[in-house]
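Asker: Provided below for reference: sequence and predicted model.
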Amino acid sequence: MRYLYLLIIICCVKSLQAQNPIGIPQINTYGSLDYRGGTQNWDIDQDKNGILYFANNEGLLTFDGRHWNLYPLPHKTIVRSLKVSRDGKIYVGAQDEIGYFFPDKNGVLKFHSIRNLIPEPERQFSDLWDIVALKDELFFRTTNKIFYLRDGVIKVYKPQRTWEFMGQVNGVLYAQDSGKGLLTFQDGAWQPVVTASKLKDYITAILPYQGDTLLVTTLKNGLFLLGKNFFAKKTSPYDASFSRYRLYKAIQVSNDWYAVATSSGGCYIIDKAGRIVQQFSSAEGLYKNNLRSIFIDRNKNLWLGLDDGINFIAFNNAIKYIYPDKDKQTSSYATLIYNNVLYIGTSNGVFYTALQANNKDLSYSKNPFNEFANTAGQVWSLREINRHVLVGHEDGAYVIDGGQAKQLYSSPGTWLFNPLSSYPTQHIIAGTYGGLQLITFQNNQFINRGHITGLNNESLRFLLIDNGVIWASHPYRGIYRLRLSPDLKSISEIKLYTEKNGLPSALGNCIAKIRGKIVAATTQGIYEYDARSDRFIPSAFLTPILKKNVYHYLKEDKDGNIWFISFKKVGLVDFNNPSEDSAYTIVHFPELNSQVVAGFENIYPYDAENIFIGANKGLIHINYKKYIQNLKPIDVMLSLVKATGKQDSVIYGGYFLKNNRIEAAQDKNQKVELTKNLNSLHFEYSSTLYEQQNNIEFSYQLSGFDKEWSAWSAKSEKDYTNLPYGNYTFKVKARNNLRNESPVISYSFYIKPAWYETVWIYALYVIVLIGLVYLLIRRQKKKHEKAQAYLKHVHQLEIEHNEKEIVKLKNEKLEAEISYKQKELATTSMHLVQKNKLLLKIKEVLLPLVKLDAVEHHSEDLKKVLRLLNDAERRDADWEQFAVHFDHVHSNFLSTLKEKFPNLSPNDLKLCAYLKMNLSSKEIAQLMSITIRAVEVSRYRLRKKLQVSSDTNLFDYLIQVTSQK
């Protein structure tokens, strides 16, 4: 029996896994290291602004999409329950503690205990497990007490045994007393609904079902239905699984579906019949299977509080992930839907699953995947031709027929297939590792006809056939245009298009067919083939749309929209949803960035609700129709304003208050004033569209500082340092990948001036400035006066200098005249000397003749001549003229000397004059017609008359005496 029971459990688990939809939504995990709190999360709620709250082991945990914050209770106790009331208060319950968090004037959450409202004898209690809000009334459940808060007064209700559950449905409060059963609260009293004998288990949730009937989940016994006059077991084929994994909590996620959190089996999505629609466990991506809480936010996303961490499930998301292999390790390269079967070509074979026709969104199909046994290895393509599926494989080509994959040929490796004509085609061209391969179709069979000669050893991965012409792009050579011979066995015409033929480069070209034209995604945008010029030219249609960006893949869907991949980023040109300024909308999918297989991109647009994209792990499924519908209005919120410096200070904590109520925007009358030392600010902002976090970008502007809005960026914080005093308004907005923008949210504040920037200081500055100007004027005036005096002095000096120059010039002139006179005097002196010399020589010649009477008859005449010569020597005529010139040149030297020494004779004066001229004794003797001895005697006598000793230079003495007045 134990083995049988175990087998039943295993079968239940297997059947449960088999019925899971093939598409798994995005699942995010937040560990305790991410939010920096305790491991367990016991309850979850959301306020009207979209902020999420978690009852965490270490306090109240908040999340706004980008930033986590933890608010511990005063006594550091575990928060077991929480509830956001209509007035915005976040009520929390813990052991021996009850109260609420509410923002202070700065928007920072602060805890306010209401334990003092409890009657004093009842203030000790165990963990508070549930909080229910009914209009303005609140109920708090512990195992031995229920506190009822109304109008500031708390009443206490005790059970017969223990309170095991409390919850509300449609405005009616229910509670389970293990002694009395299920009760309802009416008119201040508890009224019985179901007796304890009928329950026999702990209730974990009561939810709307149909009309007045309610769905009741129990911990171990599964599901029950509760009506006005009945309480019955809701039989489910999964009761054994429910009993094993324990239904810990449950919520309603839609009119027909419920989400159940189990103690060890993860999360189940069940319908009203009790059938499991989907399971989320560790196999699907949950961090843990042990759930403590479950919540659905306003955008229909699931939040799971785990025994260790938090999981987010984008339950309503249009993007899902399909994993054909149970280990989730394969990459997908090709997708095909044929005969209501989904085929996926992966890095390790071909997988398939039968689709359920009643699901328009094929990701909800529940049939398991199977693998074609002999297709292990790399699959490159899947193509339906003549109602058969051809498989391009690294080991050649396969044909899938009758549930089996048969190898058509083993070599060469095959990239893809293209029929030469429409259905039914007789000839198929395959692009292979070594060129082209010909396949024919005869008698409902494919036959390999071998290699098509003419282009050997060229790998042709991108291949198109247009009106019998084969176009093939090579990643390193360019683009080939090929024509086959009539027998299709060889290539009769080959032309290679490179830079010479219009392409920007021979590298990186990918051929495609868009709007009936052959186009190439190049390194500089989209080019198209122009038959008239036989060249590739920039596409007149696509270039204005896609610009000159690099694209690695292009695909046109049935609706004429163009899917593209650029640097592992997926996008779409949607012509069915025009924007305000163009006939199309460009949609980017940033949540898929870097998930596609680089170099082997593949998009299979089956229809608007089923777009398949090859991925590194598994296969991506997009319900594009739902994706567009799911784009909620963008919101943005300011999460934090903090002054940074030596010690950080929170200026704004994320909540705007007006009249003691939480608002979405700042009160215009609120004045936030900051001191000068708080002029370096850090801003944090976010959006509560949790399922679109990868699509959200922000732009900000600080009015009063920034001139323009910032560029759009995914960054959700901004710092400003050393802001000058003045009025500022920080503004931020968000947008999604469709360029839809949120309303702007703003925060205004005023930075006060420093003490040295106040009006009084400026007034003092003005006074000081005026004083300085006055002093400066005075100083300048004095300086001017000094300058004037200086200029006057300089002018006087210039006058004196000029006068001196004039005197100098006069002196120079006098000196020149004196020099001239001296030269004249010297000339005269030399003339006298020469004359005397001549007379002396004549006398010397005649004198012997006279003595010898050599010329007797002339003796008297000779004597007469001698007498005349002697008389000429003694004449003073020349001297008198000389004396006049000498006195004129030497400043009345002779007159002064005569005046001072009247006893000097004329000969003495002559001697003094000659001495003044610094003549030698010999020269003086010649001039005075005396001997040199006589000159020495005369000098001696002159000394006596002048009373000059022999030690004194007679020349110096004469100069000194005549220079004195």
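Answerer: Sure, I can see it.
Asker: use CA for all of it now, contacts and neighbours both
Answerer: Will do.
Asker: Would you mark the buried spots in the helix or strand that Val935 is a member of?
Answerer: Take DSSP states H and E as the rule and Val935 turns out to sit in helix 932-946. For helix 932-946, a neighbour-count test (16 or more other CA atoms under 10 Å) marks Ile932, Val935, Arg939, Leu942, Leu946 as buried.
Asker: between the residues you listed, which is closest to Ser197?
Answerer: Leu946 (169.2 Å; CA to CA).
Asker: show me the contacts for the closest one.
Answerer: Phe901 (CA atoms under 8 Å, 6 or more residues apart in numbering).
Asker: quick one: it and Ala405, what's the gap?
Answerer: 157 Å (CA to CA, to the nearest Å).
Asker: which stretches of this protein form helices?
Answerer: 2-18, 32-35, 196-199, 239-245, 543-546, 624-629, 759-852, 859-874, 877-889, 893-900, 906-916, 921-928, 932-946, 954-963 (DSSP state H).
Asker: Which residues are in contact with Asn630?
Answerer: The contact partners of Asn630, taken as CA under 8 Å, 6+ apart, are Asn317, Ala318.
Asker: Buried by neighbour count: which residues of stretch 506-522 qualify?
Answerer: So, applying 16+ other CA under 10 Å, buried residues of stretch 506-522: 506-514, 518-522.
Asker: Those residues in strands, which ones?
Answerer: Cys510, Ile511, Ala512, Lys513, Ile514, Ile518, Val519, Ala520, Ala521, Thr522 (DSSP state E).
Asker: for the second one, what are its contacts?
Answerer: The neighbours of Ile511, taking CA under 8 Å, 6+ apart as the test, are Phe462, Leu463, Leu464, Trp471, Ala472, Ser473, Ile479, Ile518, Val519, Ala520, Ala521.
Asker: mind checking how far it is from Pro633?
Answerer: 38 Å.
Asker: again, but for the last one
Answerer: Computed as CA to CA, the Thr522 to Pro633 distance reads 36 Å.
Asker: for Gln160, same thing?
Answerer: Distance from Gln160 to Pro633, counting by CA to CA: 50 Å.
Asker: The longest strand anywhere in the chain packs against which elements?
Answerer: When the chain is scanned for its longest strand (criterion: DSSP E), the result is strand 726-735. Applying 3 or more CA pairs under 8 Å, 6 or more residues apart in numbering; DSSP states H and E, one finds that strand 726-735 contacts strand 697-703, strand 745-751.
Asker: Direction included, what does the last one pair up with?
Answerer: Think strand 745-751. For strand 745-751, the paired strands and their directions (DSSP bridges) are strand 673-674 (parallel), strand 726-735 (antiparallel).
Asker: Looking at those strands, which is nearest to Phe185?
Answerer: Of all those, it is strand 726-735 that lies closest to Phe185, at 45.2 Å by CA to CA.
Asker: In that closest one, which residues are buried?
Answerer: Buried, per 16+ other CA under 10 Å, within strand 726-735: Tyr728, Thr729, Phe730, Lys731, Val732, Lys733, Ala734, Arg735.
Asker: So which of the residues you listed is the closest to Ser492?
Answerer: Arg735 (55.0 Å).
Asker: these two touch, right, the closest one and Val744?
Answerer: No - judged on CA atoms under 8 Å, Arg735 makes no contact with Val744 at a distance of 10.6 Å.
Asker: residues near the closest residue to Val194 other than its chain neighbours, how many?
Answerer: Excluding the flanking residues, the one nearest Val194 by CA to CA, 6 or more residues apart in numbering is Leu182, at 4.9 Å. Using other CA atoms under 10 Å, Leu182 has 25 neighbouring residues.
Asker: and if you look at Asp34?
Answerer: Neighbourhood size, Asp34 [other CA under 10 Å]: 12.
Asker: What of Lys804?
Answerer: Counted with other CA under 10 Å, Lys804 comes out at 14.
Asker: Likewise for Asn444?
Answerer: Neighbours of Asn444 (other CA under 10 Å): 10.
Asker: now the one 4 residues further on
Answerer: For Asn448, the number of neighbouring residues by other CA under 10 Å comes to 15.
Asker: got it, and the one 5 residues further on?
Answerer: The number of residues packed around Thr453, counting by other CA under 10 Å, is 15.
Asker: With Arg449 as the reference, measure out to the nearest residue to it once chain neighbours are set aside.
Answerer: Excluding its sequence neighbours, the residue lying closest to Thr453 (CA to CA, 6+ apart) is Ser490, at 4.5 Å. Counting by CA to CA, the gap from Ser490 to Arg449 is 12 Å.
Asker: which one among the buried residues of strand 726-735 gets closest to Tyr409?
Answerer: Arg735 (52.5 Å).
Asker: who are the neighbours in contact with the closest residue to that closest one other than its chain neighbours?
Answerer: Computed as CA to CA, 6+ apart, the closest residue to Arg735 that is not its neighbour in sequence is Glu741, at 4.2 Å. Glu741 is in contact with Ile634, Lys733, Ala734, Arg735, counting by CA under 8 Å, 6+ apart.
Asker: closest to Asn694 among those?
Answerer: Arg735 (11.2 Å).
Asker: got the contact list for that closest one?
Answerer: Arg735 touches Ile634, Ile696, Glu697, Phe698, Glu741, Ser742, counting by CA under 8 Å, 6+ apart.
Asker: which one of those residues has the most neighbours?
Answerer: Among the contacts of Arg735, the one with the most neighbours (other CA under 10 Å) is Ile696, at 28 neighbours.
Asker: what's the pLDDT at Gly654?
Answerer: pLDDT for Gly654: 93.
Asker: measure it to Asn106 for me?
Answerer: Taking CA to CA, one finds Gly654 at 8 Å from Asn106.
Asker: the more surrounded of these two?
Answerer: Gly654 (21 against 16).
Asker: can you pull the contacts of the more buried one?
Answerer: By CA under 8 Å, 6+ apart, the neighbours of Gly654 are Gly107, Val108, Met637, Leu638, Ser639, Leu640, Val641.
Asker: Please apply the same query to Lys158.
Answerer: Going by CA under 8 Å, 6+ apart, the list of residues near Lys158 reads Asn144, Lys145, Ile146.
Asker: and what of Arg535?
Answerer: Tyr497, Asn501, Gly502, Tyr529.
Asker: Low-confidence stretches in the stretch 701-850 of the chain?
Answerer: By pLDDT under 70, the weakly predicted segments of the stretch 701-850 of the chain are 818-840, 843, 846-850.
Asker: In the protein, where is pLDDT below threshold?
Answerer: Low-confidence segments of the chain (pLDDT under 70): 1-19, 818-840, 843, 846-863, 866-881, 885, 889, 963-965.
Asker: how close does the nearest residue to Tyr497 once chain neighbours are set aside sit to Ile518?
Answerer: Spatial nearest neighbour of Tyr497, chain neighbours left out: Ile479 (5.1 Å); criterion: CA to CA, 6+ apart. Counting by CA to CA, the gap from Ile479 to Ile518 is 11 Å.
Asker: for Val172, same thing?
Answerer: From Val172 over to Ile518 (counting by CA to CA), the distance is 67 Å.
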